[in-house]
Structures are given as structure tokens and as C-alpha cells.
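*Asks:* Build me a model:
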Amino acid sequence: MAGDEEDEIDSGEAQARLEQMRSSCEALARKINQLELDANEHKLVCEALQPLDAGRKCFRMIGGVIVERTVSEVMPAVELNMSQITETMKKLTDQLKTQQAAADEFAAKHRLNIARGGGGAPKEAEEAEEGASQGVLI
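*Replies:* Numbers count the residues shown, from 1 in each chain. Next up, the predicted model:
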């Protein structure tokens, strides 16, 4: 019966549901991008700590508090965090692909506009062009 109810929704409800699905995909994409930035930061820290002596003093921020540790204590924790971030990114990417496929299928089923916003990209390009000329002094 759930499939029958889904067939009977009007175009406004279908468009609203599609927008909700797309916004959830966008939120996932933003989270993946944030995790990617975190992973890059962890990679830079690992690269910076690699050549250092294991007994050398270093500082690490834990929960907003900077604590003093040694490189040998910090390095495994940073590598573990980096691997966990990478694993989470993989899971979220798979989840994003699944949600995007579901949204595309829903849009095709209800004959909705698959391209989002219709003309959003040209508008953003115009705004970028306007912003580029604002900083010029003659």
C-alpha cells in the first residue's frame, strides 16, 4: 500500500519531497567535505611529526584544551583519527550515492525536474563576475 500512496501524491508534494531529499544530499556532501578537510589536516600533522625524534615534546589540542605530550604519544592517536575519518568519509560517500540515486529515481518516477534550480548556476556565475570587479581601484 505504501507504493500506492506514493503514486497518488500531487506534484507539489512530490516536489517538496524531492527538495527535502536533495537538501539531505547536500548536507551529506558538506559533511564529507568537512571530513576531507580534517583528513588533510591530520595528514599534514603526520608529515610534520614523521621526521621528529619520538621523545620530542609537542602539543595537542584535546577538547579545546592544549596538552603537552611527546611525538611518540601523539603520532599513533593522529594516525588513528585519520584512519577513522577516512573510513567515515567512505561510509558517508556510499550513503550519499544511495540517497542521490533514490532522489533521481523519485524525480524520474514523478516526472519532476531533475536539474536543481533551473538557472542557479548562471546566477552564481553572474554574482562571481560582479564580485570580481568590485575590488578594482583606478
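*Asks:* Just checking the distance from the one helix or strand residue 16 maps to to the centre of its chain.
*Replies:* Following DSSP states H and E, one finds residue 16 within helix 11-49. From the chain centre to the centre of helix 11-49 is a distance of 2 Å (C-alpha atoms, centre = their mean, to the nearest Å).
*Asks:* can you pull out the strands in the chain?
*Replies:* Here the chain has its strands, by DSSP state E, at 57-62, 65-70.
*Asks:* nearest to residue 97, of those?
*Replies:* strand 57-62 (33.4 Å; C-beta to C-beta). Every residue, glycine included, has its C-beta placed from N, CA and C.
*Asks:* Using CSV, list the CA coordinates for the closest one.
*Replies:* Extracted C-alpha coordinates of strand 57-62, given in CSV (Å, rounded to 0.1, in the frame of the first residue of the first chain):
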residue,chain,number,x,y,z
LYS,A,57,57.8,17.4,23.2
CYS,A,58,54.8,18.5,21.2
PHE,A,59,51.3,19.9,22.0
ARG,A,60,47.9,18.5,21.1
MET,A,61,44.5,20.0,21.4
ILE,A,62,42.0,17.7,23.1
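*Asks:* Tabulate the strands of the chain in JSON lines, adding columns for distance to residue 38.
*Replies:* Below are those laid out as JSON lines (distance: least, C-beta to C-beta, whole Å):
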{"stretch": "strand 57-62", "distance to residue 38": "13"}
{"stretch": "strand 65-70", "distance to residue 38": "18"}
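*Asks:* For residue 95, which of the ones you listed is the nearest?
*Replies:* With C-beta to C-beta as the yardstick, what comes closest out of the strands of the chain is strand 57-62 (28.7 Å).
*Asks:* picking that back up, the helix holding residue 16 to strand 57-62, inter-axis angle?
*Replies:* Going by axes from the mean of the first three to the mean of the last three C-alpha atoms, to 10 degrees, helix 11-49 is angled at 160 degrees with respect to strand 57-62.
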